[in-house]
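[1] Provided below are the primary sequence and the corresponding predicted coordinates.
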Amino acid sequence: MVFKVGLLGLGTVGTGTAKILLDAAQRHPLLQTLEIHRVGVRSMDKPRAVDFPEDCLTTDLEAIVTDPDIDIVVEVIGGLEPARSLILEAIEDGKHVVTANKAVISRYGNEIAEAAKKAGVYVLYEAAVGGGIPVIQPLQQALGVNRIETVTGIINGTTNYILTRMQSEGGDFEPILADAQALGYAEADPTADVDGLDAADKIAILASIAFGGKIRREDVFTEGIRHVSAVDVDYAETLGFVIKLLAIAKRNPLTTDKPDTIQLRVHPTLVPLDHPLANVNDVNNAVLVEGDPIGQVMLYGPGAGEGPTASAIVSDMMAIAATLHMESPAEEKLPNPLLSNAYSDYKTVSAMEELESRFYLRLMVKDQPGVIGHLGDIFGKHNLSLESIVQIGLQENLAELVIVTHEVQEGAFQQAITVLKESGDVDSIASVLRVLG
Ligand SMILES: NC(=O)C1=CN([C@@H]2O[C@H](COP(=O)(O)OP(=O)(O)OC[C@H]3O[C@@H](n4cnc5c(N)ncnc54)[C@H](OP(=O)(O)O)[C@@H]3O)[C@@H](O)[C@H]2O)C=CC1
Ligand SMILES: N[C@@H](CC=O)C(=O)O
Ligand code: NA
């Protein structure tokens, strides 16, 4: 079974999406059911990073959203129009839609959802918030049983990249913004990033899901990072804080004289250095969800860029493919392929001795001349290179040594340990631990 995809846009996200679909090996088998049928662009002359047959590319986007052969339309052109109209036309034509367009979803999400309900199709937008991080789906499903109290996010990759570099290198934001643009993180008009509008779009979307209600986009208080200077970043650090552009959606406590109300705001914020969001750096995003009864959950990962955003787009396409798969008469009564784990082959797991790792070794040795040299010989004979060797202490004629190795083969390391134990120099091996990285 093959589901045909109409891809609107072949820029940063569109290109990443095409690359995943054209290289489906070792990914979920459902990806093999998705085939890019047509691609809509603005300019036919631009060089492209992926090759399509000439008749696949078109500037006539309407022809794609009304093409009877297409099952799923992926909108990654961005902007409000013609994106909104094309989404609505695709829905009216009975097509499922996947989009990364937070500007459209935060403003016209209700209109689009109504149209989709009427047409019996799905509109999914995981890529619209947090780029590659699964945020929408966990909020709707895995965390859906919780009464959500707060959603606090670093949800704009461009500004987080700028603030991180301001912090690590000093300097003001304008020159760093140019790098964020070159890396494909920033919006076509980066004002939306720098002035907090993009984060405001995203928190409006998250609040709607978290609190189960419509959100008026204009209700989000929005302050960007333009006025944050290198001096503020410096002083904040001295005081034990880091400056982050936070997007906050919070349920106010219910009181007898006040109805159920929420807070919605985006602003640069001094975050204490020991807060979970303080170490979310560069283009990474994180969404900290606090709910009852789960407590705190943090979703963290790359918030923008070609590959990560495309990952979210294709995961939505896969969810739609799973539904279409189940609806097809030939597959009726089969379980949802995204919920069942019926694998046919065993994976081969490498033997532990073949793996490479760094090791931490603590041992007690005789406190006499030449011992460290002997140990070095034993490691050398087993082809094990050492990163450091430190004498920590001395007790009753025994010296306590701590050795850290470079990446070495597990099997060779274990053989060396056996030889060490048998050597007259070593009294005891107190501890052997693996070191990450
Ligand atoms: N970049 C990122 O990291 C992320 C982006 N997003 C969202 O994804 C969407 C796409 O972003 P991105 O890929 O960065 O954008 P780009 O500007 O890189 O790409 C836009 C693509 O759409 C095409 N396009 C734009 N307008 C039209 C039009 N009127 N008619 C035909 N084709 C058009 C362009 O054609 P041509 O190539 O011919 O110019 C281009 O291929 C946006 O909604 C953005 O907010 C979401 C998360 C992360
Ligand atoms: N411009 C956005 C792209 C992803 O949504 C960002 O920087 O986060
Ligand atoms: Na996401």
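    That came through fine. Ligands and ions are numbered 1, 2, ... in the order given.
[2] excluding chain neighbours, what is closest to whichever residue of the stretch 251-400 of the chain sits closest to ligand 3?
    Relative to ligand 3, the nearest point of the stretch 251-400 of the chain is Ala312 (4.4 Å; C-beta to the ion). Every C-beta, even on glycine, is put in place using the N, C-alpha and C of the backbone. Computed as C-beta to C-beta, 6 or more residues apart in numbering, the closest residue to Ala312 that is not its neighbour in sequence is Ala127, at 3.7 Å.
[3] ok so that neighbour is a strand residue?
    No: going by DSSP: H, G, I helix; E, B strand; the rest coil, the assignment for Ala127 is helix, not a strand.
[4] does it touch Glu75 like I think?
    No: judged on C-beta atoms under 8 Å, Ala127 makes no contact with Glu75 at a distance of 10.3 Å.
[5] any common contacting residues for those two?
    Common neighbours of Ala127 and Glu75, counting by C-beta atoms under 8 Å, 6 or more residues apart in numbering, are 98-100.
[6] near ligand 1, which of those residues show up?
    Ala100 (C-beta under 6 Å from any ligand atom).
[7] counting by contacts, list what the biggest helix by length in the chain packs against.
    Assignment by DSSP state H gives helix 306-327 as the longest helix of the chain. For helix 306-327, the elements it packs on are strand 3-8, helix 12-21, strand 34-40, strand 72-75, strand 96-99, strand 123-124, judged by 3 or more C-beta pairs under 8 Å, 6 or more residues apart in numbering; DSSP states H and E.
[8] could you pull out the buried residues of that helix?
    Within helix 306-327, the residues that qualify as buried are 306-322, 324-325, counting by 16 or more other C-beta atoms under 10 Å.
[9] before we move on, what about stretch 424-431?
    Result for stretch 424-431 [16+ other C-beta under 10 Å]: buried residues 425-427.
[10] compare the helices and strands packed on helix 306-327 and give me the one nearest ligand 3.
    Ligand 3 lies closest to strand 123-124 among the helices and strands packed on helix 306-327, at 10.5 Å (C-beta to the ion).
[11] now the helix or strand following the closest one: buried residues?
    Proceeding N to C from strand 123-124, the next assigned helix or strand is helix 136-140, under DSSP states H and E. Residues 136-139 are the ones in helix 136-140 that count as buried (16+ other C-beta under 10 Å).
[12] cool, stretch 159-177 as well?
    Buried, per 16+ other C-beta under 10 Å, within stretch 159-177: 159-167, 173, 176-177.
[13] what is the mean pLDDT for it?
    Averaging pLDDT along stretch 159-177 yields 90.
[14] end to end, how far does that stretch reach?
    8 Å (C-alpha to C-alpha, to the nearest Å).
[15] what distance do you get for Ile243 to Glu75?
    Distance, Ile243 to Glu75, using C-beta to C-beta, to the nearest Å: 34 Å.
[16] do the same with Thr323
    From Thr323 across to Glu75, the span is 19 Å (C-beta to C-beta).
[17] could I get the full set of helices for the stretch 51-200 of the chain?
    61-65, 83-92, 102-119, 136-140, 157-169, 173-182, 191-194, 197-211 (DSSP state H, counting those that start in this stretch).
[18] the third one and ligand 3 in contact?
    No: using C-beta under 5 Å from the ion, we find that helix 102-119 stays clear of ligand 3, coming within 10.0 Å at best.
[19] show me what residue of the stretch 251-400 of the chain gets nearest to ligand 1.
    Here the stretch 251-400 of the chain gets closest to ligand 1 at one residue, Ala304, 3.3 Å apart by C-beta to the nearest ligand atom.
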